[in-house]
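In: can't give you the sequence, but here's the structure:
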């Protein structure tokens, strides 16, 4: 299955919304099964979350977009922008060495 990187930037002054929605977001990502490869927040200069980066497997661009739209963060209106790009895993823990 193809891989996609999702770069999600939070709206300004939305840290409280992020923290309130975080448990539902983590549950959503973890329920995605083996299709959820990596996820974590982008940090500002003070170490506070300002967005998210996720790497997922999805059947195609439309499936990756549907995953992003159904994320509890997106449904709560947290994101200012979401960029979804196909990517190839070339190194790291999820790349087969055989």
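Out: Arrived safely. The structure displayed is predicted, hence computed values, not measured ones.

In: quick one: least confident helix or strand in this protein?
Out: Across the helices and strands of the chain, mean pLDDT, DSSP states H and E gives its lowest value to strand 36-43, namely a mean of 92.

In: partner strands of that one, with direction?
Out: strand 49-57 (antiparallel) (DSSP bridges).

In: quick one: residue 77 and residue 20 touch, right?
Out: No - using CB atoms under 8 Å, residue 77 makes no contact with residue 20, being 11.7 Å away. For glycine as for every other residue, the C-beta is placed from the backbone atoms N, C-alpha and C.

In: between the two, which contacts overlap?
Out: Shared contacts of residue 77 and residue 20, defined by CB atoms under 8 Å, 6 or more residues apart in numbering, are absent.

In: wait, a strand at residue 92?
Out: No - secondary structure of residue 92 (DSSP: H, G, I helix; E, B strand; the rest coil): coil, not part of a strand.

In: beta partners of the spatially most central residue of the chain?
Out: Nearest to the mean C-alpha position of the chain, by CA atoms, centre = their mean, lies residue 54 at 3.1 Å. Here residue 54 sits in beta bridges with residue 6, residue 39, going by DSSP bridges.

In: how near is it to residue 35?
Out: For residue 54, the distance to residue 35 (CB to CB, to the nearest Å) stands at 10 Å.

In: so which elements touch the strand or helix carrying residue 67?
Out: Assigned by DSSP states H and E, residue 67 falls within helix 61-70. On a contact count with 3 or more CB pairs under 8 Å, 6 or more residues apart in numbering; DSSP states H and E, helix 61-70 meets strand 3-10, strand 79-87.

In: could you identify the helix or strand that succeeds the first one?
Out: Beyond strand 3-10 in the direction of the C-terminus, DSSP H and E gives the next helix or strand as helix 15-31.

In: just checking, what packs against that next one?
Out: Against helix 15-31 (3+ CB pairs under 8 Å, 6+ apart) you get strand 36-43, strand 49-57, helix 72-75.

In: which residues does the least confident helix or strand of the chain contact?
Out: 3, 7, 9, 29-30, 49-57, 89, 94.
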